[in-house]
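**Q** Turn this into a model:
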Amino acid sequence: MDQRSGQKRASDFLYPPVEPFDQRMMDMGDGHQVYVEQCGNPDGVPVIVFHGGPGGGCSPLMRRYFDPRHYRVVLFDQRGCGRSMPRASVIRNTTWDLVADVERIREALGIERYIAFGGSWGATLALITAITHPDRVSHLVLRGVFLMTRRELNWFYGGGAGAFFPELWQRFIDPIPEEERGDLIAAYHRRLFSGDRTTEIRYARIWSGWENALASISSDGWMGESPADYAHAFARLENHYFINGGFLDQDGWIVQNRARIAHIDTDIIQGRYDMVCPPQSAWSLAEGWTKARVHFVPLAGHALSEPGISEALVRVMDRLR
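**A** Predicted coordinates for the structure are as follows:
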């Protein structure tokens, strides 16, 4: 594979498209059906992919970061999004439900230990899963680290990122009355869970549009409206998790419990100009952690689809191979 950078697209660094050898819906026993697929080598080194959001779902592109001759790649759509059902549901949908789902998937597929590969919220969930089951994760590969802290939420929904994109920030806050702008997560929550689908989709598209507009360093403005079903699930689930602090016992829970995973080798790929999840989170996670390495990608933002991010992730997975 040609790993030279330049004016390449992210897909230029990836392996060719691959189709799953296994697709299934897993009944989690509480009303949720979770979509799971496997691709690559059925006898290969297991990798479980944790997608972002919450609510983002997996895509075929995510299969292509791994040498299909070497890795057995497991992708799943977290509760309420992607192909999992019921769509956009927040009932029995917490971080701890997702951690339990990962364990059910691992057991059902007969996997003892696996590489956890996740970005953004996927990095959050991978870390929490590893902290909860430290004997099951052999390596962590994280991208665009999000630690589910109040500081990070305040940055993105309290005006920090908006200081760099004032015209986009204005578009995000304009639909909210001034008296509610002190807590935009709560303001959007009232509208995303209003019970009126038209209202929910309208605000879901604005919520999703704000994040999408800042994801890539090459973005030059609002990216257009997301499809209604996708935006509805993404915005509701993300807002549900954020208003509940990720369902963690305390702010800063991940770093406070990092000692439980101190033995796990970890690679962190971080865009230097990530406006959604600024590099401080990756740095604070890795500080003093001898097994962790932070790879800063210059001229890159948050998106998995950025060429520099994709190149760095494939390089790490090829090194582990």
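**Q** Tell me where this protein has strands.
**A** For the chain, the strands defined by DSSP state E cover 22-27, 33-40, 45-50, 71-76, 114-119, 137-143, 265-271, 292-297.
**Q** Nearest to Glu200, out of those?
**A** strand 33-40 (22.1 Å; CB to CB). Quick note: C-beta positions are derived from backbone N, CA and C, even for glycine.
**Q** Which strands or helices does the closest one pack on?
**A** strand 22-27, strand 71-76, helix 95-108 (3 or more CB pairs under 8 Å, 6 or more residues apart in numbering; DSSP states H and E).
**Q** What are the contacting residues of the last one?
**A** It stands for helix 95-108. Residues from elsewhere that reach helix 95-108 (CB atoms under 8 Å, 6 or more residues apart in numbering): 26, 28, 30, 32, 34, 36, 48, 74, 76, 78-79, 114, 125, 128-129, 132-133, 136, 241, 246-248.
**Q** The same query, at a cut-off of 7 Å, please.
**A** 26, 28, 34, 36, 48, 74, 76, 78-79, 114, 125, 128-129, 132-133, 136, 246-248 (CB atoms under 7 Å, 6 or more residues apart in numbering).
**Q** which residues sit against the helix ranked longest in the chain?
**A** Criterion DSSP state H: the longest helix present in the chain is helix 197-215. Applying CB under 7 Å, 6+ apart, the external contacts of helix 197-215 come out as 161, 165, 168, 172, 175, 188, 191-192, 194, 219, 221-223, 225-226, 228, 231-232, 234-236, 239, 275-276, 301-303.
**Q** Narrow those to just the buried residues.
**A** 161, 165, 168, 172, 188, 191-192, 219, 222, 226, 231-232, 234-236, 239, 275-276, 301-303 (16 or more other CB atoms under 10 Å).
**Q** Quick check: helices, which of the residues you listed are part of them?
**A** 168, 172, 188, 191-192, 231-232, 234-236, 239.
**Q** list the buried ones in stretch 308-321?
**A** Here stretch 308-321 shows 308-317, 320 as buried, counting by 16+ other CB under 10 Å.
**Q** low-confidence ranges in the chain?
**A** The model of the chain has pLDDT under 70 over residues 1-7, 223.
**Q** Might you report the residue contacts of the residue at minimal distance from the centre of it?
**A** For the chain, the residue nearest the mean C-alpha position is Gly52 (1.8 Å; CA atoms, centre = their mean). Gly52 is in contact with 119-122, counting by CB under 7 Å, 6+ apart.
**Q** Can you show me the CA trace of stretch 40-58 as CSV?
**A** What follows is stretch 40-58, C-alpha atoms only, in CSV (Å, rounded to 0.1, in the frame of the first residue of the first chain):
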residue,chain,number,x,y,z
GLY,A,40,-11.8,-10.2,6.8
ASN,A,41,-10.2,-13.4,8.0
PRO,A,42,-12.5,-15.6,10.1
ASP,A,43,-9.4,-17.0,11.9
GLY,A,44,-7.6,-13.7,12.1
VAL,A,45,-6.8,-11.4,15.0
PRO,A,46,-10.1,-10.0,16.3
VAL,A,47,-10.8,-6.2,16.1
ILE,A,48,-14.0,-4.7,17.4
VAL,A,49,-14.8,-1.3,15.9
PHE,A,50,-16.6,1.3,18.1
HIS,A,51,-18.3,3.9,15.9
GLY,A,52,-18.8,7.5,16.9
GLY,A,53,-21.8,9.7,17.8
PRO,A,54,-23.4,8.4,20.0
GLY,A,55,-25.8,7.5,17.2
GLY,A,56,-23.5,7.5,14.2
GLY,A,57,-23.6,3.9,13.1
CYS,A,58,-21.1,2.0,11.1
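**Q** And it, how far out from the chain middle?
**A** Computed by CA atoms, centre = their mean, to the nearest Å, the chain-centroid distance of stretch 40-58 equals 11 Å.
**Q** Format the strands of the chain as CSV; extra columns: distance to Asp101 and mean neighbour count.
**A** Converted to CSV, those look like this (distance: least, CB to CB, whole Å; neighbours: other CB atoms under 10 Å):
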stretch, distance to Asp101, mean neighbour count
strand 22-27, 8, 14
strand 33-40, 6, 21
strand 45-50, 11, 23
strand 71-76, 7, 24
strand 114-119, 14, 26
strand 137-143, 15, 24
strand 265-271, 22, 24
strand 292-297, 26, 18
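**Q** So which of these is nearest Asn154?
**A** Once the strands of the chain are compared by CB to CB, strand 265-271 is nearest, at 19.8 Å.
**Q** Check which strands are paired with that closest one and give the direction for each one.
**A** With DSSP bridges as the test, strand 265-271 is paired with strand 137-143 (parallel), strand 292-297 (parallel).
**Q** now the angle between helix 95-108 and the longest one, please.
**A** Angle between the axes of strand 137-143 and helix 95-108 is 130 degrees (criterion: axes from the mean of the first three to the mean of the last three CA atoms, to 10 degrees).
**Q** Give me the distance between strand 137-143 and the centre of its chain.
**A** 13 Å.
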